[in-house]
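Q: let's see this in three dimensions:
(3 chains)
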Amino acid sequence: MIQFKEKIAQTFFAGASFFCVLVTLCVLGFMILLSLPVLETKMLWPILTDPWSPDHGQFGILSMIVGTFYLASFSLVISFPISLGCSFFIQLTHPGRSGQCLKKIVQLMTAIPTVVYGFVGVFLLVPVVREIFSYGSGMSILSASIMLAILISPTMILFFSQSFARVPKNFTGAVDALGGTAFQKIFYVILPQAWPGVLTGLVLAFGRAMGDTLIALMLSGNSVMLPSSLLDSARTLTAHIAMIIAADFDSIEFKTIFICGCVLYLMTSLGILAARLLDWKHA
Amino acid sequence: MPGLTRDKLLVCFSWGAVLLLVASVTAIIGFLVIKGYRSINLELIFADTRPLDAVLFKRPVFGGLFPAIIGTFFLILLSVGVALPLGLATGIYLAEYAPAGLKGFFSLIVDILAGIPSIVVGLFGFSITIFLHHFYDNRIFPCLLISALSLAFLVLPYIIKTTQEAIESLPLQIKLTAPSLGASKFENIIFVLLPSALSDVVSGVVLAIGRCAEDTAVIMLTGVVATAGIPKSIFASFEALPFYIYYIASEYSDPSELMKGYGAALILLLICAGLFALAHLIKHWIEQKTRFRY
Amino acid sequence: MEKRIRWISGLSILFFLLSVVGVCSASGLDAFKHENGTLRISGGTAHIPVMKEAAKRIMEFNTDIQIMIAGGGSGAGIKQVGEGLVDIGNSGRKPTDSEIDKFGLSMYKWAIDGVTAVVNPANPVTSLSSKELKEIYGGNIVNWKTIGGEDRPINIYTRDKSSGTRSVFWKKALGKGDISGKANFVASNGAMKTAVTNDPFAIGYVSVGYIDKSVAPVALDNITPSLQTVQAGEYNVARGLYSNTKGDPSGLAKKFIEYLLSPEGQKIVTRKGFIPVN
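A: Numbers count the residues shown, from 1 in each chain, chains lettered A, B, ... in the order given. The predicted structure is shown next:
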């Protein structure tokens, strides 16, 4: 009797897990399935490389892919030094009360909704950017990157702090015993030990930045041209999907959003796989 | 001494980073509070309907936040209601039952699910709606149910991962005691492991709730509209607080609506911060009650 | 006896008058008295203020009715009503023949509106020739100082392809000219207004009914866009506001459209800044 109940419980738990895996694979499956009409007409290459100009029959998402990369990369450029500095602060230079206080603040920051970042960005950041640079409408990659950087920093800081904390205490203790400075500790012991974790954190943050919709939609201007400078307006894949979803159903514009979905899914999954491999190789 | 200068540089660098971060967060929250605190009053939420009538659903509210707040509330209820059993079961399976190879593969898949951009999840929900609409029942539209299910997929990884890690990090003494006294695996899980891991599981659930409350991309594609009133069934369109904020930001028609937007943003911020604090408190309280000495 | 006859006849006349008035006012909200159910509306964003007001009145009158309003643009409205996803699809342009054939649409025009280029109220430029407008949107004139403004780049704002406002502006004001790829995209009339209000160097286009103190209309070839000039036919960048249904409307949709075309509905149309058709 107990065996029977056990079997049922196990099947139930296993069933739930298989269902979750199924859902994840289905998401990719649906994206591919619904992109098939486009793939069949052999339009995949034009869609990946053309500019977006429906009036002229061009439905390329190249500018969107480039826009996504620019935005995510630049927000990492802003966020990485800040996150690194904050994690040094928490783990190294001020591990006592100030460090714990900062950690609490950073944890609280993870609770701030994305749409609030976008809202404040529109009414606070965009006019400032417009005035400082006297160019453009203020809605640009720069504004979006700044807000995005603030969004992804807390996760990166917590991740880096965790990686630094994992460095064995006898190593850091040895540096202290030999009279080493904090700088030497970081550069010769902690970073060489923890850099896989740092890299993983970077990759995950990059994935998060690529996948964000609201900040890009509200702050980056959404123009269709290839961005040539930070102050240019640009469109990301995510904002593109949000904007086109209201369009006609059978049109080619609509079908391109599934290709966008595929591209996004594959890019973030590749990032996760890369992070996993790094972890595995240096475990 | 070169060592000391470099140290000083390091400290300066760290302080610089910290100040920059804290300054930006203060600017963001401060801006919102300054612009929004004046709008927080009953009129913001209920407009010209009497609060009691509105809360008892006797009369509809026009121009207030109440339908959006109710919409968000129902969303949270439905999606966590679906995600919780599913996520718990999967977490338990991964921690306790799964054979090693399968476990690695499943964990990878869960990580991938966690990494899927929210708009792709919304797109998935939308495409399911289209399929069902064409091949099943013509009356299926993007609605509360579809949004809640899509949100459930979005927050599933949070619950799975926290449950799995919570159970796995329990000390061996706790994991082995009950089976050594004759309990079955299932009884062990239900009566010993889950209660011990409760604080972490609950904080995972509260994290999921917070995520449901603030997500906009998923609901934008699966049924939220700007004007819908209280949803009368799970197959109806609905309003939601984060979407309201986005909508106001992109098209407010006069300064009073903008003020409402500030108020709404402030309310959402308070809700999410409140949930976060709640998670902390619950975790603390449960840890106090189930303190083990290992 | 005579007094009595007079009294009775007076009463009957009064009764007759009252019943006539009663019948007239019954064509307003009373039509919704015993209805219940849901009405889904989507499409053109220019229609939304009128839709919201009408929905509010109906829902307050009869709490069993639920009306849901979404935007999306004229293209989305036509498509969604054709696919059966909504009951009424609004469009700010006349549905094309192919659309009418494909979906079997019935169109109902309940207002006339114009589309005008707008700039920020602080902008000294208030009048443009058609040629200048085309050059600006085409990306050939890039600085305000070329046309008498400040020495700042021009920020162009436009709508996506689903927008009826855009297609009217493109056809009639821009003569189907190219729109520069550098243009910022916004998703609705309201969003366009917000964008132009917040950007001192912006140029965009909105429905004439949306104009208020926060944006300044641009006179095109010396004709100032306003309700009067649109109605008189002088300002020719005009369009009708349509509500479309798949086939003949029935039930709630029919009553809603009749309400829009009724005197009460047309009063809402005027109040929101559009030109009534009756």
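
Q: which parts of chain A sit against chain C?
A: Contacts of chain A with chain C, taken as CB under 8 Å from any CB of the partner chain, map to A:51, A:53-55, A:122-123, A:126-127, A:130, A:134-139, A:221-225, A:232-233, A:235, A:243-244, A:246-249, A:253. Every residue, glycine included, has its C-beta placed from N, CA and C.

Q: which among those count as buried?
A: Of all the residues of chain A next to chain C considered here, the ones buried according to neighbour count by 16 or more other CB atoms under 10 Å in any protein chain shown are A:54, A:122-123, A:126-127, A:130, A:135-139, A:221-225, A:232-233, A:235, A:243-244, A:246-248, A:253.

Q: can you pull the phi/psi pair for C:Lys182?
A: Taking degrees, to the nearest 10, you get phi -80, psi 0 for the backbone angles of C:Lys182.

Q: so it makes contact with A:Ala234?
A: No: in terms of CB atoms under 8 Å, C:Lys182 does not count as a neighbour of A:Ala234; the distance is 10.2 Å.

Q: so where is the chain shaky, pLDDT-wise?
A: You didn't say which chain, so I picked chain A. Judged by pLDDT under 70, chain A has its weakly predicted residues at A:42, A:246-251, A:283.

Q: actually chain C
A: Ranges of chain C meeting pLDDT under 70: C:1, C:7-27.

Q: now the residue nearest to C:Gly175 when sequence neighbours are not counted: phi and psi?
A: Nearest residue to C:Gly175 in three dimensions, chain neighbours excluded: C:Lys134, at 6.4 Å (CB to CB, 6 or more residues apart in numbering or on different chains). Its backbone dihedrals place C:Lys134 at phi -60, psi -40, with angles given as degrees, to the nearest 10.

Q: what sits against C:Lys134?
A: Contacts were defined as CB atoms under 8 Å, 6 or more residues apart in numbering or on different chains; by that measure C:Lys134 touches C:Leu174, C:Gly175, C:Gly177.

Q: drop anything exposed from these.
A: Judged by neighbour count, with buriedness set by 16+ other CB under 10 Å, the buried members of those are C:Leu174.

Q: now secondary structure too, for the contacts of C:Lys134, in TSV please.
A: Rendered in TSV, the data for the contacts of C:Lys134 read as follows (DSSP: H, G, I helix; E, B strand; the rest coil):
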residue	secondary structure
C:Leu174	coil
C:Gly175	coil
C:Gly177	coil
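
Q: as JSON lines, the contacts of C:Lys134 with distance to B:Val61 would be great.
A: As requested, the contacts of C:Lys134 are arranged in JSON lines below (distance: CB to CB, whole Å):
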{"residue": "C:Leu174", "distance to B:Val61": "42"}
{"residue": "C:Gly175", "distance to B:Val61": "46"}
{"residue": "C:Gly177", "distance to B:Val61": "46"}
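
Q: among the contacts of C:Lys134, pick out the one closest to chain A, please.
A: For chain A, the nearest member of those is C:Gly177. The distance, counting by CB to the nearest CB, is 10.3 Å.

Q: surely the closest one meets C:Tyr137?
A: Yes: with contact defined as CB under 8 Å, C:Gly177 reaches C:Tyr137; the gap is 6.6 Å.

Q: about what we covered before: quick check: neighbours shared by C:Lys182 and A:Ala234?
A: Taking CB under 8 Å, 6+ apart as the criterion, C:Lys182 and A:Ala234 both touch A:Ser223, A:Met225.

Q: and the two? which has more neighbours close in?
A: More neighbours surround A:Ala234 than the other of C:Lys182 and A:Ala234, with 28 against 20 (other CB atoms under 10 Å in any protein chain shown).

Q: quickly list what the more buried one is bridged to.
A: Listed by DSSP bridges, the beta-bridge partners for A:Ala234 are A:Gly221.

Q: might one say that it is in contact with A:Pro227?
A: Yes: at 3.9 Å, A:Ala234 counts as touching A:Pro227 under the criterion of CB under 8 Å.

Q: mutual contacts of the two, please.
A: Counting by CB under 8 Å, 6+ apart, the common neighbours of A:Ala234 and A:Pro227 are A:Ser63, A:Val66, A:Gly67, A:Tyr70, A:Ile141.

Q: just put those residues in a markdown table and tack on secondary structure, distance to A:Leu92 and neighbour count.
A: Conversion of the shared contacts of A:Ala234 and A:Pro227 to a markdown table gives the following (DSSP: H, G, I helix; E, B strand; the rest coil; distance: CB to CB, whole Å; neighbours: other CB atoms under 10 Å in any protein chain shown):
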| residue | secondary structure | distance to A:Leu92 | neighbour count |
| --- | --- | --- | --- |
| A:Ser63 | helix | 42 | 21 |
| A:Val66 | helix | 38 | 16 |
| A:Gly67 | helix | 37 | 31 |
| A:Tyr70 | helix | 33 | 21 |
| A:Ile141 | helix | 33 | 26 |
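
Q: any idea how far A:His56 is from the residue nearest to C:Gly175?
A: In this structure, C:Lys134 lies at 17 Å from A:His56, with CB to CB, to the nearest Å as the measure.

Q: likewise for A:Leu178?
A: 68 Å.

Q: what packs against the helix or strand containing B:Cys272?
A: Here B:Cys272 is covered by helix B:255-289, with elements defined by DSSP states H and E. Packing partners of helix B:255-289 (3 or more CB pairs under 8 Å, 6 or more residues apart in numbering or on different chains; DSSP states H and E): helix A:97-109, helix A:114-120, helix B:2-36, helix B:42-46, helix B:198-214, helix B:241-250.

Q: ok, 7 Å please
A: Using 3 or more CB pairs under 7 Å, 6 or more residues apart in numbering or on different chains; DSSP states H and E, the elements in contact with helix B:255-289 are helix A:114-120, helix B:2-36, helix B:198-214, helix B:241-250.
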